[in-house]
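K.L.:
Please work out how this folds:
(chains A and B, ligands or ions: 2)
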Amino acid sequence: MNDTTPSAAANPRHTAPPPTERVAMLRWMRENLFNSPINSMITVIIALFLVFALPDFIQWALFQSVWSGDHEACRAATGACWAVVGEKHRPMLFGVYPYDQHWRLILALVIYLSVIAATMTPAFWKVKILMPLWIFNLIVTLILMWGGVLGLQPIETSQWGGLPLTMVLFTGTVVFGSPLAVLLALGRRSHLPGIKSICVVFIESLRGVPLITILFVAVNVFPLFLPEGLEFDKLLRVMAGMAIFFACYQAEVIRGGLQAVPRGQIEAAEALGLSYWQLMRRIVLPQALRICLPGLVNHIIAAFKNTSFVLIIGLFDILTATTAVMEDPVWRIFFVEAYLFVALIYFVFCFALSKYSQLVERWLGEGRRF
Amino acid sequence: MNEQQPADAAADPLGDETVIQLIDVNKWYGNFQALRDVNVSVKRGERVVVCGPSGSGKSTMIRCINRLEAHQKGQIIVDGIELTDNLKNIEAIRSEVGMVFQSFNLFPHMQVIDNLTLAPMLVRKMPKADAEAIAMKYLERVQIPEQAYKYPGQLSGGQQQRVAIARSLCMQPRIMLFDEPTSALDPEMIKEVLDVMVELADEGMTMMVVTHEMGFAKTVADTMIFMDDAEIVEIAKPDVFFTNPESERTQLFLNQILTH
Ligand SMILES: Nc1ncnc2c1ncn2[C@@H]1O[C@H](COP(=O)(O)OP(=O)(O)O)[C@@H](O)[C@H]1O
Ligand SMILES: [Mg+2]
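P.N.:
Residues are numbered from 1 along each chain as shown, chains lettered A, B, ... in the order given. Ligands and ions are numbered 1, 2, ... in the order given. Next up is the predicted model:
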């Protein structure tokens, strides 16, 4: 019954129309930027920083920069060398994947990004639409990248790289990690002591280990325990390691959400005769996930950025691919621009994710005050 | 012979069939005893009202009847099935016994209609169209069919509690349990909920109601139960209970809430 709807949070103070634009702006500044001595100080420091740094940065990035041409032109200019992106974007985006097969990755990315765009459109928010769409997306993407069927030349996962590799790792982590997270969270709250202790030990021991250790174990130690002849793809092992790591953190977020669902909800569902799984799926989890959505998105964003850890096993995600590309002695000095480009890609994805979560949150809150 | 039966039935409208039986039931929360040697038996169609001071174990007792709480000693038999750890039995009994809570406990993320159709569809495997037809029927019965497509959070407390009653009725239970259904309501909404309950009683539903609404108790109760300190102190017909109770503790309690 607690009221957490964003729409209900409207502050009556802000609804009165201001006498003039100017006064309104001054009032907004006083309320948001200068509402305490510390905030005023921070505002002033940031303002000073912007005044000193911003003009130079804009000069460097926009007005004195070189957008196309070779490295000679770049060396001659005083501004940023964006030409490096034009020159090197293929190996940065696609790693060591065979050059003449890049069209497959481009096609896969286009399909993938379209499905993401559809997922972000409320008109498509029906399980009946999104489920098949994503299954189709994953199958097509994997066929395009892997090949070996439909006359496509097979490409080993060790040659995958760049942005598609990042996307595959990220998707695999979230798709496999999320159900595991839900099971771990439910297990940790189970009344069956055996299940409960297994989940607690699993979560606590893995959360206490850095991701890099888990990946190292998945890649180098895990195969030692497998029977001779049985071997999993290295990429798959890494994905499993990331998914498990992701699940352990996410399980704790979900547990918080589960705890916030009032006991009476479970009792009412039980009193109606629902079984444990029915009441979890239909009553408890929808409310719990809604409550902890911001925390969930937090870890999803972290999972996106964690994909860059694959560098330790010699795979080239977009960040590592860029590092490798910038070994080129001719273009080397323009690494800042190259990394800024990669940072922009990361930012676009993460920003979109967080905007998406706000959209979902608002959608879930509409009319449903709880 | 045949002609005498209706006359007997009129004298005692309740059948002989016992649908709830508690035999020497004991329940502890840790070291704290919440029920001590509780014996109750309820016949089909009987309306039982339970009252007593706060903390006396009223909720605990009726929550044991659909096993929201487990008892540790004694026997509870509902509709011929003894309540044990057997999950199948528990689910069977729960689908026959409706329960209405003090705090409504509607599912806030579902529209009213989905609150009502959920259990019939999941537990009774009823097709959606049938479940919706039944849902609308009971929403009309509690006089709020126009709220079917709202979310619980958009309704008043009285409306929410009527939806909760309708939700239980959609499972077509043979027994209804009420745990202080009007205690969380503003005074002006109490009547609309009690009216629905009186109507239900008139239709012959077997009901066990924890409440302090003594007006309601006088109207509908066949049997009054007074609990204090984890025990049943008195079980009596309402006329005796309200005018001439056996126990001094009952007397005291009634004086307190009737003069209040
Ligand atoms: N889950 C619980 N754990 C421990 N003690 C409880 C629990 N539920 C109820 N009790 C205690 O049992 C006693 C009876 O509670 P309850 O049946 O809710 O009383 P009533 O409904 O008559 O007010 C109270 O003293 C209460 O504090
Ligand atoms: Mg109570």
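
K.L.:
Name the next helix or strand downstream of the helix or strand hosting residue B:224, please.
P.N.:
Using DSSP states H and E, the element containing residue B:224 is strand B:223-228. Reading on from strand B:223-228 to the C-terminus, the next helix or strand found by DSSP H and E is strand B:231-236.

K.L.:
for the residue in the stretch 51-200 of chain A that ligand 1 sits nearest to, phi and psi?
P.N.:
In the stretch 51-200 of chain A, the residue that lies nearest ligand 1 is residue A:191 (14.0 Å; C-beta to the nearest ligand atom). (C-beta placed from N, C-alpha, C; glycine too.) Dihedral pair for residue A:191: phi -80, psi -10, per degrees, to the nearest 10.

K.L.:
next one: residue B:170
P.N.:
Residue torsions, per degrees, to the nearest 10, at residue B:170 are phi -60, psi -20.

K.L.:
Please tell me how far it sits from ligand 1.
P.N.:
26 Å (C-beta to the nearest ligand atom, to the nearest Å).

K.L.:
now that residue: how far from residue B:125?
P.N.:
14 Å (C-beta to C-beta, to the nearest Å).

K.L.:
of those two, who's got more company?
P.N.:
residue B:170 (26 against 8; other C-beta atoms under 10 Å in any protein chain shown).

K.L.:
Please look at the more buried one and residue B:115 and confirm they touch.
P.N.:
No. Contact criterion C-beta atoms under 8 Å: residue B:170 and residue B:115 do not qualify, at 9.1 Å.

K.L.:
quick one, domains of chain A?
P.N.:
A:21-54, A:80-97+A:174-365, A:98-154 (automatic domain parsing).

K.L.:
Dump those domains to a markdown table, plus mean pLDDT.
P.N.:
Listed next are the domains of chain A as a markdown table, based on pLDDT from 0 to 100:
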| stretch | mean pLDDT |
| --- | --- |
| domain A:21-54 | 85 |
| domain A:80-97+A:174-365 | 85 |
| domain A:98-154 | 84 |
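
K.L.:
okay if I get those as JSON lines plus mean neighbour count and distance to chain B?
P.N.:
Output for the domains of chain A, formatted as JSON lines (neighbours: other C-beta atoms under 10 Å in any protein chain shown; distance: least, C-beta to the nearest C-beta, whole Å):
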{"stretch": "domain A:21-54", "mean neighbour count": "11", "distance to chain B": "30"}
{"stretch": "domain A:80-97+A:174-365", "mean neighbour count": "18", "distance to chain B": "4"}
{"stretch": "domain A:98-154", "mean neighbour count": "14", "distance to chain B": "15"}
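
K.L.:
Of all those, which one comes closest to residue B:227?
P.N.:
domain A:80-97+A:174-365 (20.6 Å; C-beta to C-beta).

K.L.:
Near ligand 1, which residues of the stretch 51-200 of chain A? Just list them.
P.N.:
Residues of the stretch 51-200 of chain A lying near ligand 1 by C-beta under 6 Å from any ligand atom: none.

K.L.:
quick check: angle from the strand holding residue B:224 to strand B:231-236?
P.N.:
Strand B:223-228 runs at 150 degrees relative to strand B:231-236, counting by axes from the mean of the first three to the mean of the last three C-alpha atoms, to 10 degrees.

K.L.:
Packing partners of the longest helix seen in chain A?
P.N.:
Using DSSP state H to define each element, chain A has its longest helix at helix A:335-365. Helices and strands touching helix A:335-365, as assessed by 3 or more C-beta pairs under 8 Å, 6 or more residues apart in numbering or on different chains; DSSP states H and E, comprise helix A:83-94, helix A:293-306, helix A:318-325.
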